[in-house]
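Trainee: Fold the following for me, if possible:
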Amino acid sequence: MILGFALRALLAAAAVAAVTTIVIYIADTITRPKLKEKLREKGIEDAVIEKIDYCNNVVSVKDLDSDKMLEIHGDDVSYELDEGDRIYI
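Mentor: Residues are numbered from 1 along each chain as shown. Next up is the predicted model:
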């Protein structure tokens, strides 16, 4: 019984670790140049915008090399950004 509980806990921890989300804050409007700058700081060269939440001013970006997710929070989101846009560094 204890072994089964330990195994389930280990599997749950592995599932949580598989999806890594990094949260970044920008004290201004989120624009393409600012996204590129923040991605460059994190060592990400190729990414895609997965989701844009204009109500909460959040842009979700997926690193195409490692499948890491980034949430960029700001004061506003530029309307030049669209879901599905690729960001190359």
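
Trainee: what residue ranges in this structure score low on pLDDT?
Mentor: For the chain, the stretches flagged by pLDDT under 70 are 1-19.

Trainee: and Ile24, bridged to which residues?
Mentor: Beta-bridge pairing of Ile24 under DSSP bridges involves Ile72.

Trainee: ok, it touching Ile72?
Mentor: Yes: contact criterion Cβ atoms under 8 Å: Ile24 and Ile72 qualify, at 4.9 Å. No exception for glycine: its C-beta is placed from N, CA and C like everyone else's.

Trainee: Quickly list what's touching both of those two.
Mentor: Residues touching both Ile24 and Ile72 by Cβ atoms under 8 Å, 6 or more residues apart in numbering: Lys38.

Trainee: which of these two has more neighbours?
Mentor: Neighbour count, other Cβ atoms under 10 Å: between Ile24 and Ile72, Ile72 has more, with 22 against 18.

Trainee: got the contact list for the residue nearest to the spatial centre of the chain?
Mentor: In the chain, the residue lying closest to the centroid (Cα atoms, centre = their mean) is Leu70, at 1.4 Å. Neighbour list for Leu70: 21-24, 38-39, 42, 44, 47, 60-63 [criterion: Cβ under 8 Å, 6+ apart].

Trainee: Which ones among the residues you listed map onto strands?
Mentor: When DSSP state E defines the strands, the subset of the contacts of Leu70 inside them is 21-24, 47, 60-63.
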